[in-house]
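Chemist: Fold the following for me, if possible:
(2 chains)
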Amino acid sequence: MSNQEREPILSAKNLRLLKEPLGKNNPITVQVLGICSALAVTVKLKPAIVMALSVTIVTAVSNLVIATLRKSIPDRIRIIVQLVVIATMVILVDQLLKAYMFDVSKQLSVFVGLIITNCIIMGRLEAFAMANKPWPSFIDGLGNGGGYGIILIVVSFFRELLGSGTIFGYPVLEKLGLYKAGYENNGMVILPPMALIFVGLIIWFHRSKDKSLVEKR
Amino acid sequence: MKHFSNRYIFTFSAIMVIVVATLLSLAATLLQPAQERNLEIEKKKNMLESINIPSTRENTETLYDKYIKESFVINTKGDVVEGVDAFTVVLKNEQKKPLDEQYLPVFKAVPNDGKNVIIIPVEGKGLWGPIFGYVSLESDMNTIYGVNFDHKGETPGLGAEINTAAFESQFHGKKLFDNDKFISVQVMKGGAPEGDNHGVDAISGGTITSKGLQKMLFDCIQKYNTYLLKNRT
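Modeler: Residues are numbered from 1 along each chain as shown, chains lettered A, B, ... in the order given. This next block holds a predicted model:
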């Protein structure tokens, strides 16, 4: 990491890079990127969390690499270079998971490979890392991965709770005695379309809290 | 924007490709032993689960040596084929061979209740990719003692539910044969009727995986037909 900046490591500007994607500029609810994987991996909490971490790592490291190379990357092939960097990172993450976190890698299966197609990563490389220094780019990657992850975790929390009646596989609703009172799991919540509705609800909630996000007519 | 010559672009791409290729092949080679070991442990763990013995990654190997007594390979005529290690047989490759050349692995085990069971590996297709597992049979070669299923990429919460205890435990005590006729186990949408010897409940939202599982059980166990009928006790 070549970090020759004079400003402190976590200056106000860098902190903003970290915080904004978590709320005001969230990749899923505001930029509406990375929706596809948000639908696929949010049935259970645990895969969602590992997915969130993997995406955060891939975004941050790819951002770092591209920002370091940004002055030497030929403009005409920059998209290819970005893709190669992302693909390399994703394969490395996948291989590492297979070697050291076998159970989790089994749960995520194809979705790790599909991180390559996550628009958030490519978007950050093109929009941020190509024009900024390595350290802020790294922070930006962490922030955006985190913003993506938060939504994933919130959605998967509700989907696992309402769809399977569990949290981290622990049968919460059964222990509360809800089934005896006639409650039944909502099978529809497990299906992908309901994830979209949950994301929609989050967007609604988010905008009602922060009016500046609402488009002017 | 700075102008880059064609020569620069070609050199840049060439270097990039070489660096990436080196990095990835290095990672693949270095991580391969760990990954293969994981797969081996996983296989033993699944086999133990099919005879209802839970194991953790740490104690799998010890338990495997304790419970699995014998392993051998048979052919579709039910005769033992000498000189093949049953553990290393890859079912996917066998299924591509002509039927009478296929190796069919059999594992003999004695779980805690002292019963003599055999374990049969099965492999088939789910919705997104392969599904596989182990079926253990009691010594009447008809009653299912336990099963373990797993999958490569079924949807979490839907098809992936085939490897939950809730689904697998349904198979306990189901019968494969009706007199001498091979029926296998049906996975029924909407739930199997009470007391049905050959039916289990399908997974809601996982219809294609359920159907694939049913086909896998039928296709794979059918090949053992002769052996099973011959070795009944």
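Chemist: Tell me, how many residues neighbour B:Trp128?
Modeler: When neighbours are counted by other CB atoms under 10 Å in any protein chain shown, B:Trp128 registers 17. The C-beta positions use only the backbone N, C-alpha and C, and glycine is treated the same way.
Chemist: State the distance from it to A:Val112.
Modeler: Distance of B:Trp128 to A:Val112, given as CB to CB, to the nearest Å: 14 Å.
Chemist: and the spatially closest residue to A:Gly145 that is not a sequence neighbour, what element?
Modeler: The shortest distance from A:Gly145 to any non-neighbouring residue, by CB to CB, 6 or more residues apart in numbering or on different chains, is to A:Thr56 (2.7 Å). Using DSSP states H and E, A:Thr56 sits in helix A:45-69.
Chemist: Local confidence estimate at the residue nearest to A:Gly145?
Modeler: On pLDDT, A:Thr56 comes in at 91.
Chemist: and chain A, which of its residues are near chain B?
Modeler: With CB under 8 Å from any CB of the partner chain as the criterion, chain A comes near chain B at residues A:40-41, A:43-44, A:47, A:71-77, A:80-81, A:84, A:88, A:91-92, A:95-96, A:98-100, A:102, A:106-107, A:109-110, A:159-160, A:163-164, A:187, A:190-191.
Chemist: Among these, which ones are in helices?
Modeler: A:40, A:47, A:80-81, A:84, A:88, A:91-92, A:95-96, A:98-100, A:102, A:106-107, A:110, A:159 (DSSP state H).
Chemist: What is the three-state secondary structure of whatever residue of chain B ends up closest to chain A?
Modeler: Using CB to the nearest CB, the closest approach of chain B to chain A is made by B:Gly157 at 3.2 Å. What DSSP: H, G, I helix; E, B strand; the rest coil gives for B:Gly157 is coil.
Chemist: Bridge partners for B:Lys125, pull those for me.
Modeler: B:Lys125 forms beta bridges with B:Pro130, as assigned by DSSP bridges.
Chemist: How many neighbouring residues does the residue of chain A found nearest chain B have?
Modeler: Minimum separation of chain A from chain B (CB to the nearest CB) falls at A:Val43, amounting to 3.2 Å. Other residues near A:Val43 come to 26 when the count uses other CB under 10 Å.
Chemist: Then B:Gly133?
Modeler: Using other CB under 10 Å, B:Gly133 has 25 other residues around it.
Chemist: That one touches B:Met47, doesn't it?
Modeler: No: B:Gly133 is beyond contact range of B:Met47, at 9.6 Å (criterion: CB atoms under 8 Å).
Chemist: Quickly list what's touching both of those two.
Modeler: Common contact partners of B:Gly133 and B:Met47 (CB atoms under 8 Å, 6 or more residues apart in numbering or on different chains): B:Asn148.
Chemist: The longest helix seen in chain B packs against which elements?
Modeler: For chain B, the longest helix by residue count, based on DSSP H, is helix B:6-50. For helix B:6-50, the elements it packs on are helix A:78-100, helix A:102-108, helix B:60-67, strand B:68-74, strand B:130-137, strand B:144-151, judged by 3 or more CB pairs under 8 Å, 6 or more residues apart in numbering or on different chains; DSSP states H and E.
Chemist: got the angle for the last one vs helix B:6-50?
Modeler: When axes from the mean of the first three to the mean of the last three CA atoms, to 10 degrees is applied, the directions of strand B:144-151 and helix B:6-50 differ by 170 degrees.
Chemist: Just give me how far strand B:144-151 sits from the chain centre.
Modeler: In terms of CA atoms, centre = their mean, to the nearest Å, the centre of strand B:144-151 is set 8 Å apart from its chain centre.
Chemist: can you list contacts of it?
Modeler: Strand B:144-151 has contacts (CB under 8 Å, 6+ apart) with A:106, B:46-47, B:49-52, B:111, B:115, B:117, B:126, B:129-138, B:159-160, B:162-163, B:167-168, B:171-176, B:185, B:209, B:213.
Chemist: if we go to 7 Å?
Modeler: Residues external to strand B:144-151 that are found in contact with it (CB atoms under 7 Å, 6 or more residues apart in numbering or on different chains): B:46, B:49-52, B:117, B:126, B:131-138, B:159-160, B:162-163, B:168, B:171-174, B:176, B:213.
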